[in-house]
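Student: no sequence on this one, just coordinates:
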Ligand SMILES: C[S@@+](CC[C@H](N)C(=O)[O-])C[C@H]1O[C@@H](n2cnc3c(N)ncnc32)[C@H](O)[C@@H]1O
């Protein structure tokens, strides 16, 4: 790391003295040896013989050049020189994370190629299993931290959590490396490699990548599925879909069908998607976790309105994913540090979809979300009061879900994990909810079948049941409507969002049951009563209205309108995407 800090000075001296023309040391070794010679402990050690030999012809010139540089810059020692170069204040840089594209090569081959290039592998993939065996998540994390902070320039190692990920010392120039250009390695943050690996669709499965461009995770899915089965990859943005398609082709993913489409418009009941069991949702987010941006510190992305809008989109995408009839596992990720886009989304989704439970994301990972009751996760602007104040008071559910989410979801951050800020949740459909149960649900009204109500109550208490049921019914109506084309969908959505919550409820639920539950709920404070009602979805509603308007126009004969409105929706999305993370 120290060599890294001095790198601009070292490179200047190497250039000035012509040492880069030496063919006795590789580029990386030359930099390390120069650092040791000029700023470090020197090259007196017994093992330094061959390095001394390599640098000897330039040793005198280098020392003279450094002396002159210090004089010119008015620095009396190395530390002052660093300051003069403006390097002192630099934070620890991000290590270079690399995912091996297993469709084109192997981890062993990549290790060998970098070693042949003069890099030093301090931990090979072959040694990882033995190293982590018997260790718990906390021990694995601190081991990872020890290794990663000891990485010297041009050194690299295998990751301890993800088998196809390598990590290089910061600033290792990999952008133009032939392995990168050939897409044998993909330069992506370690945290971004977690969702596909955790979703882990088996060979031959059918998978949806709902928000896919530029396609890093799509290719990762293909790798894990060994190019078998099918990945349906969607992205709303035309240009980004082109990038996605290029990525798919160049990276050797042959099982991907990429399409420029709004995932929310994809009909889950289309027979084409009947076998979709795994869905990856990585929707637009504030991007506040991206280390290089740091704009969460300036408040640029933290506007509550913006976060609410994004959360609306994220909720809709996740809810839509859960409508696929055969879906078993849905993974959700963001590169945001905000609870609104992370824990709160999971919270609401769990309540609206009682047939889904959380699964622990990467059990060997230590860093988990902080409980809502304990403040101050780094970088977050929430506090406990705000968290509960802005939302419904979940009473007994609040603690249960808080506990569940903080135990099973995953957080990543630069300070703890040397990655971008990231969040991952894995939803799994519970076995109690077979497809038959689900299809049958639409025909039941609450209260008519106490057994069924009892089953659901296993997931949430009576008071909340009515609202959860309402959302389920909404969703089944949307599915029915989608079978009857655009007009029907529009009508159904209109019904859902144009009327009062009361009107909607009476459309959806058995009157008697509704009255019974409303009477009971009236006793409670208004804010406490619902789990996922229209207010909760205010943000979603806003999105719905925009799509709604679009659809209404689309039903007219005016083809120009058609284009304009579609463009309008895309523009809105693009505005959100202005801060996205690729
Ligand atoms: C965070 S990026 C996805 C990154 C991608 N998963 C990867 O790993 O390369 C979010 C993407 O979601 C797309 N998006 C947003 N809303 C969408 C929608 N309703 N349907 C499909 N794609 C959408 C955006 O265009 C953007 O490309």
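Tutor: Perfect, thanks for sending it. Owing to the predicted nature of the structure, the values given are computational and were not obtained by experimental measurement.

Student: Looking at the stretch 51-200 of the chain, what residue ends up closest to the ligand?
Tutor: Ranked by CB to the nearest ligand atom, the top residue of the stretch 51-200 of the chain for proximity to the ligand is residue 192, at 6.0 Å. To be clear about C-beta, it is placed using only N, CA and C from the backbone, and glycine gets the same treatment.

Student: number of nearby residues for that residue?
Tutor: 24 (other CB atoms under 10 Å).

Student: Pretty sure it sits against residue 289.
Tutor: No - the pair residue 192 / residue 289 is not scored as a contact, 10.5 Å apart, by CB atoms under 8 Å.

Student: Find residues that contact each of the two.
Tutor: Common contacts of residue 192 and residue 289, defined by CB atoms under 8 Å, 6 or more residues apart in numbering, comprise 335, 420, 422.

Student: want to throw the residues you listed into TSV with pLDDT?
Tutor: Listed next are the shared contacts of residue 192 and residue 289 as TSV, based on pLDDT from 0 to 100:
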residue	pLDDT
335	95
420	94
422	96
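
Student: A helix includes residue 283, no?
Tutor: No - assigned with DSSP: H, G, I helix; E, B strand; the rest coil, residue 283 falls outside any helix and is coil.

Student: hmm, back to that, mind putting the shared contacts of residue 192 and residue 289 in JSON lines, secondary structure and distance to the ligand included?
Tutor: Converted to JSON lines, the shared contacts of residue 192 and residue 289 look like this (DSSP: H, G, I helix; E, B strand; the rest coil; distance: CB to the nearest ligand atom, whole Å):
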{"residue": "335", "secondary structure": "coil", "distance to the ligand": "7"}
{"residue": "420", "secondary structure": "coil", "distance to the ligand": "12"}
{"residue": "422", "secondary structure": "strand", "distance to the ligand": "11"}
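
Student: distance of the closest residue to the ligand within the stretch 151-300 of the chain from residue 137?
Tutor: Nearest to the ligand in the stretch 151-300 of the chain, going by CB to the nearest ligand atom, is residue 211, at a distance of 3.0 Å. Using CB to CB, to the nearest Å, residue 211 is found at 29 Å from residue 137.

Student: higher neighbour count, the two?
Tutor: Neighbours per residue (other CB under 10 Å) separate residue 211 from residue 137, with residue 211 holding more: 24 against 17.

Student: Contact partners for that one?
Tutor: 234, 235, 236, 263, 281, 282, 283, 284, 317.

Student: Adding neighbour count, distance to the ligand and pLDDT, write those residues out as CSV.
Tutor: What follows is these, written out as CSV (neighbours: other CB atoms under 10 Å; distance: CB to the nearest ligand atom, whole Å; pLDDT from 0 to 100):
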residue, neighbour count, distance to the ligand, pLDDT
234, 23, 5, 98
235, 26, 5, 98
236, 23, 4, 97
263, 23, 4, 98
281, 25, 9, 98
282, 25, 4, 98
283, 23, 5, 98
284, 25, 4, 96
317, 22, 6, 98
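
Student: Contacts for stretch 183-192 next, please.
Tutor: For stretch 183-192, contacts defined as CB under 8 Å, 6+ apart pick out 96-101, 104-105, 109-110, 159, 161-162, 165-167, 174-175, 177, 179-180, 216-217, 219-220, 250-252, 333, 335, 412, 417-420, 422, 424.

Student: Now, these that are in helices?
Tutor: When the contacts of stretch 183-192 are checked against helices (DSSP state H), the matches are 109, 110, 179, 180, 216, 217, 219, 220, 250, 417.

Student: Tell me the buried residues within these.
Tutor: For the ones in helices among the contacts of stretch 183-192, a burial check counting by 16 or more other CB atoms under 10 Å picks out 110, 179, 216, 217, 219, 220, 417.

Student: Keep only the residues you listed that also lie close to the ligand.
Tutor: Among those, the residues that sit close to the ligand (CB under 6 Å from any ligand atom) are 216, 217.

Student: out of the contacts of stretch 183-192, which are buried?
Tutor: Looks like the contacts of stretch 183-192 have 96-101, 104-105, 110, 159, 161-162, 165-167, 174, 177, 179, 216-217, 219-220, 251-252, 333, 335, 412, 417-420, 422, 424 buried, using 16+ other CB under 10 Å.

Student: With respect to pLDDT, which of the ones in helices among the contacts of stretch 183-192 ranks lowest?
Tutor: Scanning the ones in helices among the contacts of stretch 183-192 for pLDDT, the low point is residue 417. It has 94.

Student: List the contacts of it.
Tutor: Residues near residue 417 by CB under 8 Å, 6+ apart: 141, 144, 190, 191, 367.

Student: separation between it and residue 138?
Tutor: From residue 417 to residue 138 the distance is 13 Å (CB to CB).

Student: Show me what the helix or strand containing residue 14 is packed against.
Tutor: In this structure, residue 14 sits in helix 2-17 according to DSSP states H and E. Applying 3 or more CB pairs under 8 Å, 6 or more residues apart in numbering; DSSP states H and E, we find helix 2-17 packed against helix 27-38, helix 49-73, helix 78-84.

Student: Pull out the buried residues from the shortest one.
Tutor: Looking back up the chat, that one is helix 78-84. Per 16+ other CB under 10 Å, helix 78-84 contains these buried residues: 78, 81, 82, 84.
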